[in-house]
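K.L.:
after the sequence you'll find the predicted model.
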Amino acid sequence: MMIHSLSLPPSDAEVDGWLAVLTAAAAADLPHLPPPARVEVAGRLRVTPARGRPVLWTAGEGAGVAALLLFTEEGNTHTAFLDVLAVRPEERRRGVGTALWERVREELLAQGRTSVAAMVDLGGPGQAFAEAIGFENVLPMAWYAQEIPAAAPDRAPRTPGYELLTWHGLVPDDWAPAAAAAHAAMEDAPTGDMDERIQTWTAQRLHTLQQLILDRGGDLSTVAAVTPEGEVAAYTEIVLPDPDGTSALQYDTVVLPAHRGHGLGRAVKRHMAAQAAARHPRLRRVTTTVADENGPMRAVNEALGYRRERGVGIFQIKL
């Protein structure tokens, strides 16, 4: 099986070929979900990630694809993330996936990486393949989905002592340091036995990662509960990888320890849903992942109408 490296950035033809593989794989493995959008796929392939160096491969004449992110940030140069390894359904069990994995593994060893992780849906061919080559589930999680009605109510929740602010795109410069400090509260979120280490949050890092979403063609909004003293006590983020699509991703939701117990997690997420529905009339679905051991966030999601959709895990292998 011939494995070819893609040019960076890929051509239109290479993007279309990559999208065709992902679309075919998703139709077989997750037929109830919307197909991948070209805007999102092209953005992820063509815009260099902020956290590392990408390497892209295709197998045969469009039989499969693989994308590896080699972290370049301090503290994570020993590990990497396998962002994509997908094979067309009709090409499976013919050694395509194995050939792609061997090429990925060669690259990892050549770059001195001692481990690699991947997000894998549970109960399907991805899990079976990952476990067969030695990956282990180090952080059990699940996807949760919330349906957004066509006319979601736009009444800001009551948050006595806090003001709810909404920012579209980059967090304003005046609020960026406080928002970065709030992101640092993610350090107490479950990470299982992952080798990847959480990085220090600064205003510059926050803006860099947010700008990446915009450069890839996506739309980003943040809702924050702030104090009169200028502290970001809680926040949540929502991303539409395709601003014209019907689906969005709920990114981080964080409440600082000193401000927990006041319903701020529910408040920012509820207000975000209303804001997103008003900003994107075609939006009908928001999904997010939560670690199985993160009971408080699972309770917040359940109270807001999120339903568990399918199991997923961060799988990792030591090289």
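P.N.:
Looks like it came in fine. Fair warning: this is a prediction, and the values are worked out from it, not measured in the lab.

K.L.:
now the lengthiest helix in the chain: mean pLDDT?
P.N.:
Counting residues, the longest helix found in the chain (DSSP state H) is helix 12-29. Mean pLDDT, computed over helix 12-29, is 97.

K.L.:
what helices and strands are in contact with it?
P.N.:
helix 38-46, strand 52-59, strand 64-71, strand 80-87 (3 or more C-beta pairs under 8 Å, 6 or more residues apart in numbering; DSSP states H and E). Every C-beta, even on glycine, is put in place using the N, C-alpha and C of the backbone.

K.L.:
could you dump those into CSV with mean neighbour count, distance to V286 and mean pLDDT added?
P.N.:
Below are those laid out as CSV (neighbours: other C-beta atoms under 10 Å; distance: least, C-beta to C-beta, whole Å; pLDDT from 0 to 100):
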stretch, mean neighbour count, distance to V286, mean pLDDT
helix 38-46, 19, 15, 97
strand 52-59, 20, 27, 97
strand 64-71, 22, 25, 98
strand 80-87, 23, 22, 98
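
K.L.:
so which of those is nearest V268?
P.N.:
helix 38-46 (24.6 Å; C-beta to C-beta).

K.L.:
what's next to that closest one, contact-wise?
P.N.:
Outside helix 38-46, the residues within contact range by C-beta atoms under 8 Å, 6 or more residues apart in numbering are 6, 9-10, 14-16, 18-19, 22, 56, 67, 83, 215-218, 241-245.

K.L.:
return the alpha-carbon coordinates of that helix using CSV.
P.N.:
C-alpha atoms of helix 38-46 as CSV (Å, rounded to 0.1, in the frame of the first residue of the first chain):
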residue,chain,number,x,y,z
ARG,A,38,-15.8,21.4,3.6
VAL,A,39,-15.2,24.7,5.4
GLU,A,40,-14.1,23.0,8.5
VAL,A,41,-12.0,20.3,6.7
ALA,A,42,-10.3,22.8,4.5
GLY,A,43,-9.6,25.1,7.4
ARG,A,44,-8.0,22.3,9.5
LEU,A,45,-5.9,21.1,6.6
ARG,A,46,-4.7,24.5,5.4
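
K.L.:
could you check how far it is from the centre of its chain?
P.N.:
Put simply, helix 38-46 sits 14 Å off its chain's centre (C-alpha atoms, centre = their mean, to the nearest Å).

K.L.:
please enumerate the helices of the stretch 201-319 of the chain.
P.N.:
Secondary structure of the stretch 201-319 of the chain by DSSP state H, counting those that start in this stretch: the helices cover 203-215, 264-279, 295-303.
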